[in-house]
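1. Here is the input, now give the coordinates:
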Amino acid sequence: MGDPNKRRTIVEPISELLDPSSPINSLSISTISNSQTLVYIGTTSGTLLLFTLNQSDHSISFTKSVPVTTRSIDSIHVIILDTQNIILLLSDGYIFSIDSHLLTPLHKFTYPKGVNLLSPRFGPDNNNIIFNDNNKTGRRFFEKWKRGISGEKVEYLSSGNNCNCLVGVTIGKRILLIEVVLPADVSGKAVIVVLKEIQCVDGIKSMVWINDSIIAGTGNGYMLFSCVNGQSTTLFSLPDPSSSSPYLKCLGKECEALLLVDNVGIVVNAVGEPLGGSFIFQRTPTSVAEMSTYLVAVNDGRMDLYHKKTGLCVQSVSFAEQGVGPCIVANEESRNGEVIVVASPSKVICFRKIGAKDQIKDLLRKKRFEEAIALVEELEVEGEMTKEMLSYVHAQVGFLLLFNLHFEEAVNHFLQSETMQPSEIFPFILPDPNRWSMQVPRNRYWGLHPPPVPLEDVIDDGLNAIQRAIYLRKAGVEAAVDEYFLMNPPNRANLLESAIENIIRYLRLSRDKALAPPVREGVDTLLMYLYRALNLVEEMELLASSENNCVVEELETLLEDSVHLRTLAFLYASKQMSSKALAVWRILAKTYSSRIWEDPSVQNVPQVTCADALPCQKTAAIEASKLLEVSTDQEIVLQHLGWVADVDHSLAVQILTSENRATKLSPEAVIAAIDPKKVDILQRYLKWLIEDQGSDDAQFHTLYALSLANSALEDADNGSYPQRSDARTSEEMNVFDVEWSNYFKSSVRERLQLFLQSSDLYDPDEVLDLIEGSEFWLEKAILYRKLGQETLVLQILALKLEDSEAAEKYCVDIGRQDAYKQLLDMYLDPQDGKEPMFKAALRLLHNHGESLDPQQILEVVHNLSRAINIDSKLARLGERSRNVQINDESLCDSCHARLGTKLFAMYPDDTIVCYKCFRRQGESTSVTGRNFKQDIIFKPGWLISR
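-> Now for the predicted structure:
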């Protein structure tokens, strides 16, 4: 039945006609233009009345009356044809015809007679199917009649076209299918041709003809008759024939029929099959009409409108007093008219369908937003409303919901509107006038909501309205306000947060739309405003660091006066304002640094949004380095190099050695700018300059060598090797870090030695002067070799480093035989009180004896033989003088008896046996089975030990 609170206004009365000459028995209407509608009234006295309804001024005027019979006019049918419109009347069992304006004389058809019901055919204009090969009587009769009876010569329109009409009539137990054939001349008379006769039952009270089927209602129920073969089928039976009266209404637009069973309406198609759900009428109607997507049911002075799809009653209108008697409603059968006419026995009222926009406005005023949207969608499907209007209504609903403090639902409707511009939201964020005031469309959407104001004002006004409603309710006065808010008064802070969150959602999704540049700027800038209002730091930084259309000038003050300097820095960077971005990052790095040392209880320390100062300081340096790596402004790069280096040496090196820079920095300027205390930065930069960039500047090579030498000397004095001051975890290291971490795995001395060997461009004398008093013998050897001082190199390799292999290799590099002699002399006479280096000399003789003088070799061999003989004697003496300690627990390695105070012997392989076992084993074989005469043991003597 539908909720009375959810009904809306579909039709409204426009004209009323009182007290016709006699009670009304039948009714029909026909619209001849957009402004005029003809109303036909059949009275119980047999008079046909014609009234003209002027829709422009809503006036109804009497036009003409025609007496038909002395009996009541049972039905009036307006037949719309191609050439002319005619009116068919049924009265006193006869069919009458007249033109639509009642200008020509009334024509009475003498055949058929005794007609009970008349129903025009609804459906496609094709009547050939009702004829078959066995029934051509009607055709033959028509052809004979057409040739003229009584010698009359009358021209008629050909049978079976759209200029004639098909009608079904009931006469007793017969249904006749007839064709009303119109004359070619309007002044002529129409004739009726019987096309087919169908046998039926007696007592048919209601009938419709749809396509090729006749549906008839009797006191017992409803039947379907086929126009092709005449067969009948029972559709429905009435539950109580004594109290139920059959009623049929053709729904012409869909070629369907409504069957009434008590107060239930059932819709069937042309073959009697039920379609969809049924209609439950509030009271059993006496007449039903069709109007657009609604069914109109009348009874006892009341009219109800039901929606076809939902079956719900959407409007009820009382047009006469209760008990007035049977009422009639008429609509245009052949058009989607906007007018319906209802009549009681003594009154006629014309109703006009309210326009779709007016209906929607009415629903919106009643805050029935879902119904309004559903109506628009329905009208769009039916082609009565455009998609643009649907978007318009979605936007209107959104604004109404917004002013009713339902922000989430409001934004949902905004997003469904394809025509709404994001700039329409701007006044809710920034008060007018502002930068984007001219971008806001001046559209009030039917004037159903107040002008836009900032969200704070919207919420305050809404809360005031709720408070007023609460006071009025207490005083017994109803107030139009949301019931939920009355029961649960909202909190202002929560409402404001919800409003901002949902406006953020709308603006974020609007960024994907194709917008004008000024609107894009407004969307992104105001989005940043809203992020700031909710302190959404991550969202602010994400927006600022990505591609955006924010207007920096509008946001600088907002972000400078807050703790969101990171966002401002990202924003500057995204707008290619690198100088400003770097200045902000520098401030942040220093702020983070100061927080590490300052007392946290101090109230005026800037509250930087970062949980841990050290990672935030590193982040500031990293972000700054990204800008500096691509900057070609040498002054800016060197200006910010210092504080970045204070945070992370690797980042400083990464900036100086960046390959992303179009123009390289001046090495001289870079070296001058590097803090002398940050030696590793200088060394890594010089290494990159020399090795990666291939610099052959002797100044840079010398500077690098001196720097490495200084670092190595300092490490030697400290007795330790330096570690990286900016060590990172594995998660923080990138490819650049990995490369330099490998660099730091080697000591400074190793790097110094490698560089001194690989480069020929540095000044060896300067480096020698620096390391002269140190123990850096290998470095000195490299440098002396660069200077060509061979003797000093050999002395260092052979005597200081005692690296025989290196010394011999250097002799090979010299390529002269006197070099070997010089080296051998150094081994045999090391000077400075050192003993001769016989082992090194033997090695040299073994490897390069052919390069030495034979006499000198014999002298060496003689000296070596004497040394070996002495060494052997000393070794034997040492073996014999070895002390062996035996205790009470010592056992014989052969018989395992306790030695105690017994005599014992020890073999060269350190096994111990008692004297008894020694006598049995002998001197040459130990208990392990080793024969020392066959398997001699060699032990290192004094010379070899040296």
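2. okay, CA-based contacts and neighbour counts for the rest of this
-> Will do.
3. low-scoring pLDDT stretches of the stretch 651-800 of the chain, where are they?
-> Filtered on pLDDT under 70, the stretch 651-800 of the chain yields the residue ranges 720-746.
4. mind redoing it with 90?
-> 662, 715-747, 773 (pLDDT under 90).
5. Which parts of it are helices?
-> 667-673, 679-687, 698-718, 735-745, 748-758, 764-771, 777-787, 790-795 (DSSP state H, counting those that start in this stretch).
6. looking at those helices, which is closest to residue 105?
-> Between residue 105 and those, the tightest spacing by CA to CA is seen for helix 735-745, at 105.8 Å.
7. hang on, the earlier thing: to residue 279, which of the helices of the stretch 651-800 of the chain lies closest?
-> Across the helices of the stretch 651-800 of the chain, closest to residue 279 is helix 735-745 (CA to CA), at 76.4 Å.
8. counting contacts, what elements does the helix or strand harbouring residue 249 pack onto?
-> Residue 249 belongs to strand 247-251 when elements are defined using DSSP states H and E. On a contact count with 3 or more CA pairs under 8 Å, 6 or more residues apart in numbering; DSSP states H and E, strand 247-251 meets strand 206-210, strand 213-217, strand 256-261, strand 287-291.
9. Format the helices of the stretch 651-800 of the chain as a markdown table; extra columns: mean neighbour count.
-> Shown next, in a markdown table, are the helices of the stretch 651-800 of the chain (neighbours: other CA atoms under 10 Å):
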| stretch | mean neighbour count |
| --- | --- |
| helix 667-673 | 13 |
| helix 679-687 | 21 |
| helix 698-718 | 19 |
| helix 735-745 | 13 |
| helix 748-758 | 18 |
| helix 764-771 | 16 |
| helix 777-787 | 19 |
| helix 790-795 | 20 |
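10. so which of these gets nearest residue 417?
-> Here helix 735-745 is closest among those (CA to CA), at 49.7 Å.
11. quick one on the thing from earlier: please convert the helices of the stretch 651-800 of the chain to a markdown table, extending it with distance to residue 906.
-> What follows is those, written out as a markdown table (distance: least, CA to CA, whole Å):
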| stretch | distance to residue 906 |
| --- | --- |
| helix 667-673 | 73 |
| helix 679-687 | 63 |
| helix 698-718 | 50 |
| helix 735-745 | 52 |
| helix 748-758 | 51 |
| helix 764-771 | 56 |
| helix 777-787 | 48 |
| helix 790-795 | 47 |
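12. ok so, going back, pipe the helices and strands packed on strand 247-251 into CSV and attach distance to residue 110 and mean neighbour count per row.
-> Listed next are those as CSV, based on distance: least, CA to CA, whole Å; neighbours: other CA atoms under 10 Å:
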stretch, distance to residue 110, mean neighbour count
strand 206-210, 22, 26
strand 213-217, 24, 25
strand 256-261, 31, 25
strand 287-291, 30, 23
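13. In terms of helix, strand or coil, where does residue 481 fall?
-> Following DSSP: H, G, I helix; E, B strand; the rest coil, the label given to residue 481 is coil.
14. That one reaches residue 469, doesn't it?
-> Yes. Residue 481 lies in contact with residue 469 (CA atoms under 8 Å); the separation is 6.7 Å.
15. anything in contact with each of the two?
-> Shared contacts of residue 481 and residue 469, defined by CA atoms under 8 Å, 6 or more residues apart in numbering, are not found at any residue.
16. What's the end-to-end length of stretch 818-836?
-> End-to-end span of stretch 818-836 (CA to CA, to the nearest Å): 20 Å.
17. which outside residues touch it?
-> 794-795, 798-799, 807-808, 811, 837-838, 840-841, 844, 848, 851-853.
18. Most widely separated two among those residues?
-> 799 and 853, at 22.0 Å, using CA to CA across the contacts of stretch 818-836.
19. Comparing the two, which residue is more hemmed in?
-> Using other CA atoms under 10 Å as the criterion, residue 799 and residue 853 rank with residue 799 on top: 19 against 13.
20. Name all residues that make contact with the more buried one.
-> Here residue 799 is in contact with 826-827, 830 (CA under 8 Å, 6+ apart).
21. For the closest residue in space to residue 906 that isn't next to it in sequence, give its distance to residue 881.
-> Leaving out its chain neighbours, the residue that sits closest to residue 906 by CA to CA, 6 or more residues apart in numbering is residue 912, at 4.5 Å. Going from residue 912 to residue 881 by CA to CA gives 16 Å.
22. ok so, going back, just the buried ones from the contacts of stretch 818-836?
-> 794-795, 798-799, 807-808, 811, 837-838, 840-841, 844, 852 (16 or more other CA atoms under 10 Å).
23. Residue 67 is nearest to which of the helices of the stretch 651-800 of the chain?
-> Among those, helix 735-745 sits nearest to residue 67 (CA to CA), with 106.9 Å.
24. so residue 431 sits in a strand?
-> No. Assigned with three-state DSSP, residue 431 falls outside any strand and is coil.
25. Skipping adjacent residues, who's closest to residue 629 in space?
-> Nearest one to residue 629, counting by CA to CA, 6+ apart, is residue 655 at 4.8 Å.
26. next one: residue 352
-> residue 339 (4.7 Å).
27. The one you found: what's it in contact with?
-> Contacts of residue 339 (CA under 8 Å, 6+ apart): 331-332, 350-353.
28. circling back: mind checking which of the contacts of stretch 818-836 land in strands?
-> Among the contacts of stretch 818-836, no member is found in strands (DSSP state E).
29. Check pLDDT for those residues and point me to the minimum.
-> Among those, residue 853 carries the weakest pLDDT, at 73.
30. Please report phi then psi for that residue.
-> The phi/psi pair for residue 853 (degrees, to the nearest 10) reads phi -70, psi 130.
31. How far off centre is the helix or strand hosting residue 223?
-> Residue 223 belongs to strand 221-226 when elements are defined using DSSP H and E. Computed by CA atoms, centre = their mean, to the nearest Å, the chain-centroid distance of strand 221-226 equals 58 Å.
32. what packs against the helix or strand just after that strand?
-> Using DSSP H and E, the helix or strand that follows strand 221-226 towards the C-terminus is strand 232-237. With contacts defined as 3+ CA pairs under 8 Å, 6+ apart, the packing partners of strand 232-237 are strand 221-226.
33. Quick one: mean pLDDT over the strand it packs on.
-> The average pLDDT for strand 221-226 rounds to 93.
34. Sheet partners, orientation included, of the helix or strand residue 340 falls within?
-> Using DSSP H and E, the element containing residue 340 is strand 339-344. Sheet partners assigned to strand 339-344 using DSSP bridges are listed as strand 328-330 (antiparallel), strand 347-353 (antiparallel).
35. Need the winner for burial among those strands.
-> Highest mean neighbour count of those: strand 328-330, a mean of 25 (counted as mean count of other CA atoms under 10 Å).
36. what's that strand in contact with?
-> With CA under 8 Å, 6+ apart as the criterion, strand 328-330 contacts 26-29, 286-289, 296-299, 340-344.
37. Just give me how far it sits from the chain centre.
-> For strand 328-330, the distance to the chain centre is 54 Å (CA atoms, centre = their mean).
38. what about that strand, average pLDDT?
-> Strand 328-330 comes out at a mean pLDDT of 93.
39. my guess is residue 627 meets residue 577, correct?
-> No. Residue 627 sits out of contact with residue 577 when judged by CA under 8 Å, with a separation of 9.9 Å.
40. out of these two, which sits in the busier spot?
-> For residue 627 versus residue 577, the count of surrounding residues by other CA under 10 Å is larger for residue 627: 19 against 15.
41. Quick check: the gap between the spatially closest residue to that one that is not a sequence neighbour and residue 637.
-> Leaving aside its chain neighbours, residue 627 sits nearest to residue 578 (6.6 Å; criterion: CA to CA, 6+ apart). Separation of residue 578 from residue 637 (CA to CA) stands at 11 Å.
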